[in-house]
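**Student:** prediction below, plus the sequence it came from.
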Amino acid sequence: MTRNSRKTTAPGPGATTPPAATGTTAATTVPSDEALARSLPGGFTSEYATVNGLRMHYVTGGHGDPLFLLPGWPQTWWAFHKIMPDLARHHRVVAVDIRGQGGTDMPEGGYDKKTMASDLLGLVHTLGYRQVNLTGHDIGAMVAYSFAANYPEATRKLALLDTPPADASDYDRPLLMRPNRGVALWWWAFNQLHELPEQLLAGRMRHLLDWLFAHSLADQDLVTEQDREIYAHAHNTPEAIRSGTAWYQAFHQDIEDLAKYPPLTMPLLGIAGTYTYDELQRKLPPLGTDVRVQQASGSVHFLPEEEPELISEALLEFFA
Ligand SMILES: C[C@]12O[C@H]1[C@H](O)c1c(cc(O)c3c1C(=O)c1cccc(O)c1-3)C2=O
């Protein structure tokens, strides 16, 4: 994986004025979720709902059939900000902070994806829906898959961005990759640890984020300074780091649960970046009866931010 030297460019002409700031971090100010939601075209608002005792944060806007978006590690609902306006022209978009993420509660437990899927079912019902369209990215894709497997009647169509559900083959993932075969997912092992991630990363998540983006983005400006500070701010506390690692520590339970699920019968779309395409082509077809996998050949992992036009077009076509 060639690293790209980070380009630094002053905001160009037409650059939008950053929304009002709230919390501050070392480098820049971090806007509130309310300000970020308002900054997007489509009438988005930042909302909360308490579901089974869990206070969940979500950002919603647009008109049409419901389309829920679930982000992953180490990001927040803002990971979808580039595609939400396009999607909102055809759907009622609900971008969720999952259990342990962003503005949603970070309880001690419940990070197996089946429990996290039950959180989502509670939110779906609270918002008055019985059946929804669902897209997940990264850890959010694992939650989205579990939702479809456990609540097929509540799932109209399912799209997974770059990440399949954890399965037994993950125990054989290499820690040492052959040259030009992508990066080893070393954080899958690191995030199995207790306390050390919090001790090493509290207040320092920006370094990790910059490393992840340096090994994924063809152009480092695809995720801006403010975007990075938003994610770092959301994940910098020991509590947030613990919750994020808990998503990975629950993989053992998730793998056990996966073995019990019958194939999905609703339409399932997988969209993979460069290094995950072969894996999704291998892993997704056995999980469903109506499966298609396509490649985002200009992306590595952060698809909604690396190729937003391609992703929003593919999702709008799939969920039509
Ligand atoms: C669940 C998750 O571990 C999360 C992480 O977000 C993730 C995942 C896969 C990647 O391939 C991948 C990443 C990731 O941050 C990343 C950065 C650079 C290259 C690259 O390939 C990746 C995952 O499945």
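**Tutor:** That came in fine, so what should we check first?

**Student:** wait, a strand at Leu134?
**Tutor:** Yes - assessed with DSSP: H, G, I helix; E, B strand; the rest coil, Leu134 lies in a strand.

**Student:** what pLDDT does the model give Pro179?
**Tutor:** The model reports Pro179 with a pLDDT of 89.

**Student:** any idea how far stretch 176-193 is from the chain center?
**Tutor:** A distance of 19 Å separates the C-alpha centroid of stretch 176-193 from that of its chain, computed with Cα atoms, centre = their mean, to the nearest Å.

**Student:** in that stretch, which residues are buried?
**Tutor:** Gly182, Trp187, Asn191 (16 or more other Cβ atoms under 10 Å). For glycine as for every other residue, the C-beta is placed from the backbone atoms N, C-alpha and C.

**Student:** got the end-to-end distance for that stretch?
**Tutor:** Taking Cα to Cα, to the nearest Å, the span from the opening residue of stretch 176-193 to its closing residue is 19 Å.

**Student:** report whether it contacts the ligand.
**Tutor:** Yes - judged by Cβ under 6 Å from any ligand atom, stretch 176-193 comes into contact with the ligand at Gly182, Val183, Leu185.

**Student:** got the contact list for Ser169?
**Tutor:** Contacts for Ser169 (Cβ atoms under 8 Å, 6 or more residues apart in numbering) come out as Lys283.

**Student:** so how far is Arg181 from it?
**Tutor:** Distance of Ser169 to Arg181, computed by Cβ to Cβ, to the nearest Å: 16 Å.

**Student:** and Pro308, by the same measure?
**Tutor:** 26 Å.

**Student:** residue contacts, Tyr271?
**Tutor:** Small correction: residue 271 is Ile, not Tyr. Residues counted as contacts of Ile271 (Cβ under 8 Å, 6+ apart) are Ala159, Leu160, Leu161, Asp162, Val293, Gln294, Gln295, Ala296, Leu303, Ile311, Ala314.

**Student:** pick the one among the residues you listed closest to Arg282.
**Tutor:** Val293 (9.3 Å; Cβ to Cβ).

**Student:** that closest one against Gly273, yeah?
**Tutor:** No - look at Val293 against Gly273 with Cβ atoms under 8 Å: they stay out of range, at 11.9 Å.

**Student:** need the residues of stretch 176-193 next to the ligand in TSV (columns: secondary structure and pLDDT).
**Tutor:** Listed next are these as TSV, based on DSSP: H, G, I helix; E, B strand; the rest coil; pLDDT from 0 to 100:
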residue	secondary structure	pLDDT
Gly182	coil	80
Val183	coil	87
Leu185	coil	95
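
**Student:** columns distance to Leu208 on top of these, output as a markdown table?
**Tutor:** Output for these, formatted as a markdown table (distance: Cβ to Cβ, whole Å):
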| residue | distance to Leu208 |
| --- | --- |
| Gly182 | 18 |
| Val183 | 13 |
| Leu185 | 13 |
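
**Student:** of the buried residues of stretch 176-193, which is the nearest to Met205?
**Tutor:** Trp187 (11.8 Å).

**Student:** what packs against the helix or strand where the closest one lies?
**Tutor:** Using DSSP states H and E, Trp187 falls within helix 186-190. Packed against helix 186-190 by the contact rule (3 or more Cβ pairs under 8 Å, 6 or more residues apart in numbering; DSSP states H and E) you find no helix or strand.

**Student:** and the contacts of Ile271, which of them are in helices?
**Tutor:** Counting by DSSP state H, those place Leu303, Ile311, Ala314 in helices.
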